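**Student:** Return a 3D structure for these sequence lines:
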Amino acid sequence: MSDATFKAHPFFARMYLRMSPNAEERGQAEYRAEMLAGLTGRVLELGAGNGLNFGHYPSTVTEVVAVEPEPTLRAAGQEAAANARIPVKVVEGVADGLPAADGEFDAAVASLVLCSVPDQATALAELKRVIRPGGELRFYEHVKPTKQPGAALATFAEKTFWPPIAGGCHPARKTGEAIEAAGFEMEACRRFGFSPGTPVPPIPHIIGRARRP
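**Tutor:** Purely as a prediction, here's the structure:
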């Protein structure tokens with residue numbers, strides 16, 4: 001992987017490692033468990049970070065290949081993988097060129113990562129490529145608000161200060177629509193507000209599953 005395909009965000013990675021436990025305690029862990037419930041077979045997880053999903057995979061999953069480009073988070077993810085109750089292999093890779101063969105996995109997981117991939121359409125096309133026909137995409141993502149002034153604030157933040165300080169995060173993406181535009185068949189999608197902690201207000205999120213035809 002060359003520097004041209006990924007820019008490391010070590011400051012954001014260190015901040016995320018410090019802040020993420022609070023979000024888990026505030027309910028994010030339950031959303032992760034909901035997202036992963038009922039999964040089976042081999043799973044590719046995109047942007048696995050520090051491995052917060054690993055403890056929520058059901059025993060019906062035979063292996064997780066966890067792709068993470070950020071070195072700091074990947075190291076933390078490897079530590080989490082060593083303590084997981086199912087086999088987890090953490091590998092280096094990027095969303096626009098996943099290290100996997102066509103149709104290799106029964107399912108893929110994207111949680112709080114499609115906001116930060118350089119190009120959503122390309123990342124979703126890659127996820128669709130590596131999932132077998134009939135396989136699932138499980139997702140848990142924050143999305144653009146539908147009401148004002150939240151929508152305008154998200155758009156302003158995306159075009160100005162937020163991506164550079166938040167690891168490339170784009171808060172004004174319509175990820176649910178992007179999943180369908182990529183050719184996935186939406187089977188379930190629930191929208192709700194969630195705050196990872198004060199002073200951040202509740203942010204719109206979606207959670208659900210889609211299927212590759």
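
**Student:** use CA for all of it now, contacts and neighbours both
**Tutor:** Will do.

**Student:** buried stuff in the top helix by length along the chain?
**Tutor:** Criterion DSSP state H: the longest helix present in the chain is helix 10-23. Residues 12, 13, 16, 20 are the ones in helix 10-23 that count as buried (16 or more other Cα atoms under 10 Å).

**Student:** Can you tell me who the residue nearest the centre of the chain pairs with across the strands?
**Tutor:** Nearest residue to the geometric centre of the chain (Cα atoms, centre = their mean): residue 111, 2.5 Å. When bridges are called by DSSP bridges, residue 111 pairs up with residue 140.

**Student:** dump the residue contacts of it.
**Tutor:** By Cα atoms under 8 Å, 6 or more residues apart in numbering, the contact list for residue 111 reads 46, 47, 48, 139, 140, 141.

**Student:** Where do the strands of this structure begin and end?
**Tutor:** Counting by DSSP state E, the chain has these strands, from start to end: 41-46, 61-67, 88-91, 105-111, 131-142, 185-194, 203-211.

**Student:** follow-up on the earlier one: outside of the longest helix of the chain, which residues touch it?
**Tutor:** Here helix 10-23 makes contact (Cα under 8 Å, 6+ apart) with 29, 50, 70, 71, 72, 73, 165, 166, 167, 195, 196, 197.

**Student:** Can you tell me the closest non-neighbouring residue to the third one?
**Tutor:** To tie it back to what came earlier, the one meant is residue 70. residue 8 (5.7 Å; Cα to Cα, 6 or more residues apart in numbering).

**Student:** For that neighbour, the count of nearby residues, please.
**Tutor:** Neighbourhood size, residue 8 [other Cα atoms under 10 Å]: 14.

**Student:** and it, what pLDDT?
**Tutor:** We have a pLDDT of 70 for residue 8.

**Student:** Surely it and residue 73 touch.
**Tutor:** No - using Cα atoms under 8 Å, residue 8 is not in contact with residue 73, being 10.2 Å away.
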